[in-house]
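A.B. asks: pasting the sequence and the predicted coordinates here, then a few questions.
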Amino acid sequence: MFHHTVDSFNCVTLELENFSGTEDQFLVELVAIIEVSRVNSRKLIWIDLRDALTRFIPICLNHGFTFHSCRDSATRLVLKLQEDAYVPFYPTHTVGVGGFVLLDGQLLCVQGHSAASSPKLPGGTVDLGEKIADAVIREVYEETGVSCEFSSVLGFATRFPTNLGYTDIYFVCELSALNRDISITDTEEIKHASWVDIGHYLNGRHISAFNRHIAEMSMQRLGLTQVSQDSYKDPFAKQEIFWTNA
């Protein structure tokens, strides 16, 4: 029978990294784990099939599994063993960040290569598993060369639909600049980076209405600060917590 684990939600995850058997062997072991899981009143069975193991997808589908999600490295399938079992939905959101960096009355801005590009906050997409605070610091540095410290989440906005029908969540974060020197690393996306007088930015006709509104709201600096989790122990500790400092 397949090696497997049972999580705290009473769901089974098959571990197939070392499986090198035939289709017939896969079928025998799959049927066995399904039967044992039903006897033990498990709720779900998860399977991640990578590379050559994807040839077993038809066998899984023939035994009640359905497609759940797909990433670069694997296709994930799931089998509901109980009618009311909850199946977590696949990711539906992408997360972006923008850095509001104001120093001596000047706002750090970038422009892309497109002719229609106007000055905006530096930022980009949060990588899988990356913290929001780390992502915005990284993106600002890659696009401008300015090193920063994280201060707070000033606000966020959502947009739907974006690429492939996802919802985009865009966090605007206040950062404190540690230097002023401009040195663009991400030259594929960014053509120009500079410090712009905040008054000029807010009154400039070439600034999009959305970016101007973000800057106006960010000037109030009523943001959510990052909360330390060092003072307590929690088996379900969050990756990040932001809370009002009012």
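C.D. replies: The structure has been received and is ready for your questions. Numbers count the residues shown, from 1 in each chain.

A.B. asks: what's near enough to touch Asp7?
C.D. replies: Contact analysis of Asp7 by CB atoms under 8 Å, 6 or more residues apart in numbering lists Thr13. Every C-beta, even on glycine, is put in place using the N, C-alpha and C of the backbone.

A.B. asks: name the spans of the chain whose pLDDT lies under the cut-off.
C.D. replies: Filtered on pLDDT under 70, the chain yields the residue ranges 164, 231-233, 235-236, 245-246.

A.B. asks: contact partners for Val172?
C.D. replies: By CB under 8 Å, 6+ apart, the neighbours of Val172 are Val97, Gly98, Gly99, Phe100, Leu121, Val153, Leu154, Gly155, Phe156, Ala157, Ile214, Ser218.

A.B. asks: same question for Glu189.
C.D. replies: Gly112, His113, Gly124, Glu143.

A.B. asks: quick one, longest helix in this protein?
C.D. replies: Longest helix of the chain, by residue count under DSSP state H: helix 23-39.

A.B. asks: so what touches it?
C.D. replies: Contacts of helix 23-39 (CB under 8 Å, 6+ apart): 1-2, 4, 12, 14, 19, 21, 45, 55-56, 59-60, 63-64, 79, 81.

A.B. asks: mind redoing it with 10 Å?
C.D. replies: The contact list for helix 23-39, computed with CB atoms under 10 Å, 6 or more residues apart in numbering, reads 1-4, 6, 10-12, 14, 16, 19, 21-22, 42-45, 47, 53, 55-56, 58-60, 62-65, 79, 81-82.

A.B. asks: you'd agree Asn163 is up against Thr94?
C.D. replies: Yes - assessed by CB atoms under 10 Å, Asn163 is found in contact with Thr94 at 7.5 Å.

A.B. asks: more neighbours: the two, which one.
C.D. replies: Thr94 (16 against 7; other CB atoms under 10 Å).

A.B. asks: could you show me where the helices are in this structure, in order?
C.D. replies: 23-39, 57-62, 132-144, 198-203, 209-218.

A.B. asks: and the last one, what does it pack against?
C.D. replies: Looking back up the chat, that one is helix 209-218. Counting contacts by 3 or more CB pairs under 10 Å, 6 or more residues apart in numbering; DSSP states H and E, helix 209-218 is packed against strand 93-103, strand 106-112, strand 148-159, strand 167-177, helix 198-203.

A.B. asks: got the buried residues for it?
C.D. replies: Asn211, Arg212, Ile214, Ala215, Ser218 (16 or more other CB atoms under 10 Å).

A.B. asks: can I get these in CSV with distance to Glu35?
C.D. replies: Below are the buried residues of helix 209-218 laid out as CSV (distance: CB to CB, whole Å):
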residue, distance to Glu35
Asn211, 58
Arg212, 63
Ile214, 56
Ala215, 61
Ser218, 58
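
A.B. asks: coming back round to it: out of the helices of the chain, which is closest to Asp104?
C.D. replies: Closest to Asp104 of those is helix 198-203 (CB to CB; 9.8 Å).

A.B. asks: list the buried residues for that closest one?
C.D. replies: For helix 198-203, burial by neighbour count (16+ other CB under 10 Å) applies to Ile198, Tyr201, Leu202.

A.B. asks: of all the contacts of Glu189, which comes closest to Ser228?
C.D. replies: Ser228 has its nearest neighbour among the contacts of Glu189 in Gly124, at 26.1 Å by CB to CB.

A.B. asks: hang on, the closest one packs against Ile137?
C.D. replies: No - if you go by CB under 10 Å, Gly124 and Ile137 don't touch, sitting 11.5 Å apart.
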